[in-house]
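Chemist: can you look at this prediction? I've put the sequence above it.
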Amino acid sequence: MLESTRLDYLTAMGVTGWVPRHALANAAFRVPPELPEIMDEPQQTVNVEVAAPLVTPPVATSQVAASARAKIIVRPSKPELAPARVIAPPTVEAEVKPLPLESFYLQLWMAGPCALLIEAAEPGLESASPALRLLKDILRAVRLPQVPHLYADFHWPLNRNPQFDRSAPAASLALQAFMQGRLESEPVVSIGCFGTYPRLLLGPELEGQDLPYGREEALDNLPPAWFAPDLEALMKDSESKAQLWQQLKRIMSRWQVEQ
């Protein structure tokens, strides 16, 4: 067999390294490769039938018989490893901080057994202001002391530190704690709230169509409260005053004293 033909056969069989047991006819001299010893991997013995060359010079019969069969040791190929999948870390949604609530000012007045939480512009109700005169008219109509006294005030935010939480939930918790601390030892049976920000006693939601006007609301660790628009709005809206009067007629029994 020609050397080129023999090499083509071996390449087709996937044999890259081989060593003949005996000298092959018409084979060029080659330096035997140094094969590493394989201890852990199983060896596979492949018997390959090699066809006799078409034209060969006369050789010994024993040499031809020895060349007819060649024992070739083939190392099993290792399976190719699939590329490792890169698992992206889970995305972390950025924490959305609630928007700060704008500044506001409330005054807590006491009128006998009824506390009044009134939204006002600083410094608050003046002695001769139209809003204070309207408040006195309301107290006289529902048989409460007509001369209420200022008991405490509430400023929001509580301080000027920019790191302080100024959101509506924080303001709601602060106002509830303020009212609980001020009314803990007072014989109050009802709380009257005038304005937008006193609604924080119900929770942080200040917007919405379901306003608590015209009804009384139960509060945690506080007496029940009734709500009305601020005094400035009541002076300009006769319908709101009529609605407030109908509401107070239903709940004024809480503080009326039987003669």
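Modeler: Received the coordinates, thanks.

Chemist: what does the helix or strand hosting Trp245 contact?
Modeler: Using DSSP states H and E, the element containing Trp245 is helix 238-251. Applying C-beta atoms under 8 Å, 6 or more residues apart in numbering, the external contacts of helix 238-251 come out as 138, 141-142, 190, 213-216, 226, 228-229, 233-234. The way it works is simple: take the backbone N, C-alpha and C, and place the C-beta from them, glycine included.

Chemist: got the CA coordinates for that helix in CSV?
Modeler: The C-alpha trace of helix 238-251 is given here as CSV (Å, rounded to 0.1, in the frame of the first residue of the first chain):
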residue,chain,number,x,y,z
SER,A,238,-74.0,78.7,52.9
GLU,A,239,-74.7,75.1,51.6
SER,A,240,-71.7,73.8,53.6
LYS,A,241,-72.9,75.6,56.7
ALA,A,242,-76.3,74.0,56.4
GLN,A,243,-74.8,70.6,55.9
LEU,A,244,-72.6,71.1,59.0
TRP,A,245,-75.6,72.1,61.1
GLN,A,246,-77.5,69.0,60.1
GLN,A,247,-74.6,66.9,61.1
LEU,A,248,-74.1,68.6,64.5
LYS,A,249,-77.8,68.2,65.4
ARG,A,250,-77.3,64.4,65.2
ILE,A,251,-74.1,64.3,67.4
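
Chemist: what are the buried residues along that helix?
Modeler: Under the neighbour-count criterion of 16 or more other C-beta atoms under 10 Å, helix 238-251 has 240-241, 243-244, 247-248, 251 buried.

Chemist: what's the average pLDDT for it?
Modeler: Averaging pLDDT along helix 238-251 yields 90.

Chemist: quick one on the thing from earlier: reformat the buried residues of helix 238-251 as TSV; add distance to Leu7.
Modeler: Shown next, in TSV, are these (distance: C-beta to C-beta, whole Å):
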residue	distance to Leu7
Ser240	106
Lys241	111
Gln243	107
Leu244	109
Gln247	107
Leu248	112
Ile251	109
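
Chemist: PyMOL command to pick out the buried ones of the contacts of helix 238-251?
Modeler: Remark: buried members of the contacts of helix 238-251, expressed as a PyMOL selection using 16+ other C-beta under 10 Å:
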select buried, resi 138+142+190+216+226+228+229+234
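
Chemist: of the contacts of helix 238-251, just say which sits nearest to Tyr151.
Modeler: Closest approach between those and Tyr151, by C-beta to C-beta: Ser190, at 14.8 Å.

Chemist: that closest one bridge partners, please.
Modeler: Residues in a beta bridge with Ser190, per DSSP bridges, are Cys114.

Chemist: give me every residue that touches it.
Modeler: 113-115, 216, 223-226, 251, 254-255.

Chemist: if I look at it, how far off is Arg143?
Modeler: In this view, Ser190 and Arg143 are 13 Å apart by C-beta to C-beta, to the nearest Å.

Chemist: burial of Pro204, as a residue count?
Modeler: 15 (other C-beta atoms under 10 Å).

Chemist: how much space between it and Leu173?
Modeler: Pro204 is 9 Å from Leu173, by C-beta to C-beta.

Chemist: now Tyr105
Modeler: 18 Å.

Chemist: which residue ranges of the stretch 101-250 of the chain form strands?
Modeler: Assigned by DSSP state E, counting those that start in this stretch, the stretch 101-250 of the chain shows strands spanning 104-111, 114-119, 149-156, 190-194, 216-219, 222-228.

Chemist: average pLDDT for the last one?
Modeler: Mean pLDDT, strand 222-228: 94.

Chemist: list of residues touching it?
Modeler: 115, 117, 176, 179-180, 183, 188-194, 198-199, 201, 211-213, 215-219, 234, 240, 244, 247-248, 251.
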